[in-house]
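K.L.:
Predicted model and sequence follow; I will ask about them next.
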Amino acid sequence: MQIHFIAIGGSAMHNLAIALHKTGYIITGSDDEFFEPSKSRLAAHGLLPERQGWDPSRVTSTLDAVILGMHAKADNPELLRARELGMKIFSYPEYLYEHAKNKKRVVIGGSHGKTTITAMILHVLQQEGMDCDYMVGAQLEGFDVMVRLTSQASVMVIEGDEYLTSPIDLRPKFHLYKPDIALLSGIAWDHINVFPTFQQYIDQFVIFINQITAGGTLIYCSGDEELRNICPQSRTDISILPYGVPPHIISGGITHILFERDQYPMQVFGKHNLLNMNGARLVCNQLGIDDHSFYNAIQTFRGASKRLELIGRNESRVVYKDFAHAPSKVKATLEAVKEQFPDRKVVVCLELHTYSSLNKDFLDHYRGTLDPADRAIVYYSPHALLLKRLPEISKNQVMEGFMKTGLEVYTDSAEMAEALFSSSHHGDVLLMMSSGNYDGLDLKQLAIRWIER
C-alpha cells in the first residue's frame, strides 16, 4: 500500500503515518510548517518531506489512498488534485474506524482529560499484559508510538476529539468511532470557531452518546453539571456508570488513594487527575481488570507528555509543563499545583494558541482562571494569528479578558523568557501551559535556568 498524508505534521497525523510505515506501507507526506516533536520523529523514520509546502505533483495515480488532516484547507492544491483523480480520501478518524470496526472500541471523550484518561488506561493494560491497539494524543512513557494498529488485538482504545474531522468532513472526530465503551470527562465550551454557541457544542456530545453501540457502556463524570443533564437518562439500551473523586489523602506531598484497607501512593496529583483515574478504573473494569489490580498498576503512572509533566526540580524549586489551553483546563491545572504546593509561590506562563483562545470574543472565558497564581504571564504569537487567519488582538484585550491584577502580556517569546528572570518576584514553582511551543522556546533550558538561579 502507498499512502500520501496531506498535513502529515499534525500530532495525530504524523503518528498514524509512522504506525503505517512500521507495518510496511510506503508513506509520503506534506505540510506547510513543521514543529517539534513531529519534525524530528518524522525525520527519524525517513518520512520528513525534503521541502515544506504543498505540491500537487506529489499526488499521482500510483497512490492507493490519501489521508487528509484537519490542518489543510479545503482549497489545498494536493487535495484538489486527489479529488480530480477520483482517489480514495480518508480522514484519520475514518481510517482508524475502518481498522477497528471489528474490534471492541473504547472511546474517551470530553472537553478535558481525554489524553490523560486514555494514557492511564493504556498504562494499566500494558502492566496487566493485555494487548490492544490505540490512538492517544501525547507521547507516553513505555510506548514507542502514539498510534498502534495490529491485526491481532481485539480491543482498540481511542482518544476521541470533538474537533472537526477534515476540511471536507465537518463532523466531530468522535462521531465516527461508534464506541462499545464510551467515557465522557466533562463539557466546557471550546472550539468556538466551529461551535459558535454553547448549545451547539453540547449537542455534539449528545450525538456521541447516541453513537454508542446497543448493549454498550457509557461512563461519565457525575461532578460535571452538563453531563448530569444529558447522561443519566440518555439511553435505555446501554449501561450508564457515573464516577466522582475517589477517597484519598495527601501526605508528605504525595497523594494516596484509599481503597478498602489499603493506601496506594500516586505519582500524579490534583482533583482533575483523581477524577481521570476513577474514570479510567471503570473502563478497565469493563475490560476485565479488578480494582486492586488497577490501583497496583496505576501507582507507576507518571502522566502523559505535557500533562503536568515535571521538567526540572531541586529541593526548593520545580518546573512543570502542561497542555492546558482551554479555560477549564487552565483553572484545573493551576488549582492542582496550588493544592500540591500550598506554601510555595507559583508563577504561571500561559500561551494562547488555539482558535478559541486567540478570539477576542472568547477571552473573557478566562476570567479568574489565573487568579490563584502569585505571578501570571500570558503569551501569544502574532504569527499564530496570521497562520490561523484570525483578526489581530491587542495586549489590552487580553488583559481585559483575564482581569488578573498584575497580569503581564508578551508577544515575543524571547522577551517573555527574559522577563521571567528579570523580576525580583521569581517564585518557587513555574508552570508553563500551552498547546503550542512558545514559538520554539527551549523549555528544558528554561527549566534548568529556573532551578539553578
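P.N.:
Received the coordinates, thanks.
K.L.:
Quick one: residues contacting Arg228.
P.N.:
Taking CB atoms under 8 Å, 6 or more residues apart in numbering, we find Arg228 in contact with Ser222. Using the backbone N, CA and C atoms, a C-beta is placed for each residue, glycine as well.
K.L.:
do the same with the one 4 residues further on
P.N.:
Contacts for Pro232 (CB under 8 Å, 6+ apart) come out as 240, 242.
K.L.:
what about 10 Å?
P.N.:
Contacts for Pro232 (CB atoms under 10 Å, 6 or more residues apart in numbering) come out as 218, 220, 222, 240, 242.
K.L.:
Are we agreed that Tyr320 is in a strand?
P.N.:
Yes. The assignment for Tyr320 by DSSP: H, G, I helix; E, B strand; the rest coil puts it in a strand.
K.L.:
Could you list the domains of the protein?
P.N.:
Structural domains annotated on the chain: 2-87, 94-298, 309-452, as defined by automatic domain parsing.
K.L.:
first vs last residue of the first one, how far apart are they?
P.N.:
What that stands for is domain 2-87. 12 Å (CA to CA, to the nearest Å).
K.L.:
max-length helix in the protein?
P.N.:
helix 271-286 (DSSP state H).
K.L.:
Now for the contacts of Pro232: which two are most distant?
P.N.:
Taking every pair in the contacts of Pro232 and measuring CB to CB, the maximum separation is 12.0 Å, between Leu218 and Ser222.
K.L.:
In terms of neighbours, single out the busier of those two.
P.N.:
Neighbours around Leu218 and Ser222, counted as other CB atoms under 10 Å, are more numerous at Leu218. The numbers are 22 against 16.
K.L.:
Verify the stated contact: that one with Ile212.
P.N.:
Yes. Between Leu218 and Ile212 a contact is recorded at 5.9 Å, counting by CB atoms under 10 Å.
K.L.:
Overlap in contacts, these two.
P.N.:
The contact sets of Leu218 and Ile212 overlap at 179, 181-182, 234-235, 238-240 (CB under 10 Å, 6+ apart).
K.L.:
Would you show me how to pick out the buried ones of these in PyMOL?
P.N.:
Selection of buried members from the shared contacts of Leu218 and Ile212 for PyMOL, criterion 16 or more other CB atoms under 10 Å:
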select buried, resi 179+181+182+234+238+240
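K.L.:
Please narrow the shared contacts of Leu218 and Ile212 to those residing in strands.
P.N.:
Using DSSP state E, 181-182, 239-240 are the members of the shared contacts of Leu218 and Ile212 that sit in strands.
K.L.:
Run through the stretch 351-453 of the chain and note the low-pLDDT ranges.
P.N.:
Along the stretch 351-453 of the chain, the model assigns pLDDT under 70 to residues 423-426.
K.L.:
go with 90
P.N.:
354-356, 387-389, 420-428, 435-437, 440, 451-453 (pLDDT under 90).
K.L.:
residue boundaries of the helices in this protein?
P.N.:
Going by DSSP H, the chain shows helices at 11-22, 38-44, 77-84, 92-100, 114-127, 198-210, 225-230, 271-286, 291-298, 327-340, 382-387, 395-402, 413-422, 443-452.
K.L.:
Was I right to think Ala417 contacts Tyr410?
P.N.:
Yes. Using CB under 10 Å, Ala417 is in contact with Tyr410, at 9.0 Å.
K.L.:
Pull up the overlap in contacts between these two.
P.N.:
Common neighbours of Ala417 and Tyr410 (CB under 10 Å, 6+ apart) are 349, 377, 379, 438.
K.L.:
Would you write a ChimeraX line that selects the buried entries of the residues you listed?
P.N.:
To isolate the buried ones among those in ChimeraX, judged by 16+ other CB under 10 Å, type:
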select :349,377,379,438
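K.L.:
Which ones among the contacts of Pro232 map onto strands?
P.N.:
218, 220, 240, 242.
K.L.:
can you tell me which residues contact the third one?
P.N.:
Right, the one you point to is Ile240. Neighbours of Ile240 in contact, by CB under 10 Å, 6+ apart: 209, 212, 217-220, 231-234.
K.L.:
Buried only: go through those for me.
P.N.:
Buried subset of the contacts of Ile240 (neighbour count, 16+ other CB under 10 Å): 209, 212, 217-220, 231, 234.
K.L.:
Leu122 and Ile212, how far apart?
P.N.:
Per CB to CB, to the nearest Å, Leu122 is found 21 Å from Ile212.
K.L.:
And Thr300, by the same measure?
P.N.:
31 Å.
K.L.:
before we move on, back to that, would you mind finding the most buried of the helices of the chain?
P.N.:
Looking across these with neighbours counted as mean count of other CB atoms under 10 Å, the highest average goes to helix 114-127: a mean of 25.
K.L.:
if I pick His292, what's in contact with it?
P.N.:
Residues in contact with His292 (CB under 10 Å, 6+ apart) are 259-260, 262, 264.
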